[in-house]
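Chemist: next one to model:
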Amino acid sequence: MHNFILFIKEFHIYKKKELLDAFASFSRKQFLIFSTIVALALVSSIILIAKVNSMFLVDVPISGGTLTEGIIGIPTLVNPVIATSDADKDLTSLVYSGLMRKTPEGEFIPDLAESYSESPDGLNYTFTIKKNAKFQDGSNVTADDVIFTIEKIKDPIIKSPRKNSWDGVTVTKMDDYTVTFTLSQSYISFMDNTTIGILPSVLWKSVDVSKFNLSPLNTKAIGSGPYEIKSVVKNSDGTSGKFALERFNDFALGKPRIKYLNIISYANGKDLVGALTDHFIDQAGGISPENTESVIKANYIIRTSTLPRIFGIFFNANNNKIFADSAVIKAFDLAIDRQDIVNQVLGGYGSTVHNPIPGRILKDDTPEVIFSNVTIDEANLILDNAGWIKGEDGIRVKGGATTKTVTKKVNGKTVTGTVPVKSTTPSIRLSFSLMTGDTPELRQTTELIKEQLAKLGAEVDISKVYETGQLNQLIRARDYEALFFGQIINHESDLYSFWHSSQRTDPGLNIAMYNNKKVDTLLESIQKTLSVTDRLSKYEDLMDEFNNNIPAILIYSPKYLYATSPHLNNVSLDYITIPSDRFSSVYTWSIDTDKVWKIFTK
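Modeler: Numbers count the residues shown, from 1 in each chain. Sure thing, here's the model as predicted:
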């Protein structure tokens, strides 16, 4: 063995000497060529190894980091029972969680609930709460907390904006971790109710209901959501300027990936965009279309989602008789260039709408009308055939004094002319006032509507513009001829409120004053139809009836614009109803990533 080892050593020495002798025999040129070949081979090998390695590497989110988001408005009621403003709802969705949670895809998944069951008739829902579900103060979430929260929502003294959706529902404690909801009648949107954040009853039960809105717990809120409030920084005027949040490690759906989340309040959109472009914040929602260019230039990503908000013209035939003529509505519907309005008013960030059923409920496959002069000619012909005649000032009238064509002989020649003819009905001028709210978007839209309808010989007064409070009072009194306004369809059941004839007067929301017995029957049936497939066929019938008997001229749905850092991962806006829904999957977001081989990913 010893001799064999000596042989190997001598062999290596011999080969090394032979290699050195070979190098020594190289000319300078040969040595440079050889060195170049070796260097190229080495670099190629490194590149090849790197490429092979990258084929097996993937980005994976890792825990940690800080995210700062700007919002418009100051959160004052961080409480799921009484949250009203978008700012309130943003913080509430981060701090609180419900029995169920809606995913970005619009599905419902258990959150605080471990499991649930539903009776075949849709009148009873039973939920079992996770035994390890905790509030951010360390206490357990129990059936008592669920019952307490619902009781506060239903308390008329508190005046919760969620009260209507809980009327007719009773909640019963089966045991410490089980509750049953009993409905007086089936309600297709009940699962939305179960996403309401749950209050910790131990902390709230000592708060007098008359002072419920004034409790400090509405600012330094404690829930069971993905993030807990660690501190609140006050502005000089005492209002809350910054909420510093930290992930709640015991969140029922798992520890959130991003560790710190700061929410900073701004007074208006201008200040918010300024904070973005100055990179003082990482992201912000509700960006106006006119600000997208500057935000993109500042290296942010604009994420979009079409909100279930439908804007259109709602008519009140009780206050202006021209809207009792279906030909007028049909002509106006043809003459409105919806895409032009979306382009000019929303900068293209919107979808044209012809039907009151949101696309996420039922997709409207009706081909989009390509707007042209031919379309205007067709609309004008509808009015011509309906007896609307253009006057000398270009505005159409119907009824009253008019003319007829006569032919007679004059000096042996046939002469054709017109003579006045008296009418038994008074004349009606194709003129109306179009009321709206005092925002740039709404004002600009009514200006475009006025221009487009002028091509038909219609006179539109757009001077009636009101701030929100006064406008709402006028709407409740149905004190308008025509109204450019928006509907927010939070749930499928909202369609009943907007279009059923029983809702034509305050506090109903049927601002189109629509009265159609067939539509009423369909809406009533839909409310009781639990099967999604069966509801879809009824929605198709509803769409057909709307198209045959146009209740309002619906124009567009705006897109929600969310500016985020390019480093933010796993954000989805596929299915958001209100802006705060963007946080539905916040616990899965990440801003830090690492590269690992695929075989090491879960």
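Chemist: show me what contacts the closest residue to residue 358 other than its chain neighbours?
Modeler: Counting by Cβ to Cβ, 6 or more residues apart in numbering, residue 358 lies nearest to residue 308, which is 4.4 Å off, once chain neighbours are set aside. In this view, the C-beta of every residue, glycine as well, is placed from N, C-alpha and C. If you count contacts by Cβ atoms under 8 Å, 6 or more residues apart in numbering, residue 308 has them with 358, 360, 488-490, 557, 577.
Chemist: all strands for the stretch 451-600 of the chain, in order.
Modeler: Here the stretch 451-600 of the chain has its strands, by DSSP state E, counting those that start in this stretch, at 459-461, 465-466, 482-488, 553-564, 592-597.
Chemist: again with the stretch 201-350 of the chain
Modeler: 227-234, 240-247, 260-266, 283-285, 301-306, 309-315, 350-352.
Chemist: closest to residue 470 out of those?
Modeler: Closest to residue 470 of those, according to Cβ to Cβ: strand 309-315, at 17.3 Å.
Chemist: flag every buried residue along stretch 311-329.
Modeler: For stretch 311-329, burial by neighbour count (16 or more other Cβ atoms under 10 Å) applies to 311-317, 320, 322-323, 325, 327-329.
Chemist: re the thing from before, let me know which of the strands of the stretch 451-600 of the chain is tucked in deepest.
Modeler: strand 553-564 (a mean of 23; mean count of other Cβ atoms under 10 Å).
Chemist: then it to CSV, C-alphas only?
Modeler: Extracted C-alpha coordinates of strand 553-564, given in CSV (Å, rounded to 0.1, in the frame of the first residue of the first chain):
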residue,chain,number,x,y,z
ILE,A,553,-80.2,56.0,-19.0
LEU,A,554,-77.2,54.4,-17.3
ILE,A,555,-73.8,55.6,-18.5
TYR,A,556,-70.7,54.3,-16.7
SER,A,557,-69.1,52.6,-13.8
PRO,A,558,-65.9,54.2,-12.6
LYS,A,559,-62.7,52.2,-11.8
TYR,A,560,-61.1,52.3,-8.4
LEU,A,561,-57.5,53.4,-8.8
TYR,A,562,-55.0,52.1,-6.3
ALA,A,563,-51.4,53.4,-6.5
THR,A,564,-48.9,51.0,-4.9
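Chemist: sheet partners, orientation included, of that strand?
Modeler: strand 283-285 (antiparallel), strand 301-306 (antiparallel), strand 309-315 (antiparallel), strand 350-352 (antiparallel) (DSSP bridges).
Chemist: nearest to residue 517, out of those?
Modeler: Here strand 309-315 is closest among the strands paired with strand 553-564 (Cβ to Cβ), at 19.1 Å.
Chemist: and the contacts of the closest one?
Modeler: 323, 329, 332, 353, 356, 358, 434, 445, 449, 481-489, 511-513, 552-558.
Chemist: pull out the CA atoms of that strand and give them to me as PDB.
Modeler: Output of strand 309-315 as PDB, limited to C-alpha atoms (Å, rounded to 0.1, in the frame of the first residue of the first chain):
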ATOM      1  CA  ARG A 309     -71.300  51.900  -8.800                       C
ATOM      2  CA  ILE A 310     -73.500  52.800 -11.700                       C
ATOM      3  CA  PHE A 311     -73.900  56.400 -12.800                       C
ATOM      4  CA  GLY A 312     -76.800  57.500 -15.000                       C
ATOM      5  CA  ILE A 313     -79.700  59.900 -15.700                       C
ATOM      6  CA  PHE A 314     -82.800  59.200 -13.600                       C
ATOM      7  CA  PHE A 315     -86.100  60.700 -14.800                       C
END
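Chemist: so for that strand, what's the average pLDDT?
Modeler: What strand 309-315 shows for mean pLDDT is 95.
Chemist: of the contacts of residue 308, closest to residue 209?
Modeler: Relative to residue 209, the closest of these is residue 490; by Cβ to Cβ it sits at 25.9 Å.
Chemist: so the closest one versus residue 356, what's the distance?
Modeler: For residue 490, the distance to residue 356 equals 14 Å [Cβ to Cβ, to the nearest Å].
Chemist: the more surrounded of those two?
Modeler: Between residue 490 and residue 356, counting by other Cβ atoms under 10 Å, residue 356 is the more crowded of the two (20 against 14).
Chemist: let me know the helix or strand that the more buried one is in.
Modeler: In the assignment (DSSP states H and E), residue 356 maps to no helix and no strand.
Chemist: okay, it: pLDDT?
Modeler: For residue 356, pLDDT reads 90.
Chemist: can you check the one 4 residues further on too?
Modeler: Listed pLDDT for residue 360 reads 79.
Chemist: give me phi/psi at it?
Modeler: Phi and psi for residue 360, reported as degrees, to the nearest 10, are phi -70, psi -20.
Chemist: got the contact list for it?
Modeler: Contacts for residue 360 (Cβ under 8 Å, 6+ apart) come out as 106, 308, 575.
Chemist: and what of residue 538?
Modeler: Counting by Cβ under 8 Å, 6+ apart, residue 538 has contacts 522, 525-526, 529.
Chemist: and those, which are buried?
Modeler: Burial by neighbour count, 16+ other Cβ under 10 Å: within these this picks out 522, 526, 529.
Chemist: and the second one, how close does it get to residue 167?
Modeler: Distance of residue 526 to residue 167, given as Cβ to Cβ: 19 Å.
Chemist: so residue 449 sits in a strand?
Modeler: No - going by DSSP: H, G, I helix; E, B strand; the rest coil, the assignment for residue 449 is helix, not a strand.
Chemist: what's around it, how many residues?
Modeler: 25.
Chemist: before we move on, back to that, now the strands paired with strand 553-564 in a markdown table, with distance to residue 390?
Modeler: Formatted as a markdown table, the strands paired with strand 553-564 follow (distance: least, Cβ to Cβ, whole Å):
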| stretch | distance to residue 390 |
| --- | --- |
| strand 283-285 | 47 |
| strand 301-306 | 39 |
| strand 309-315 | 22 |
| strand 350-352 | 29 |
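Chemist: all good on my end, thank you.
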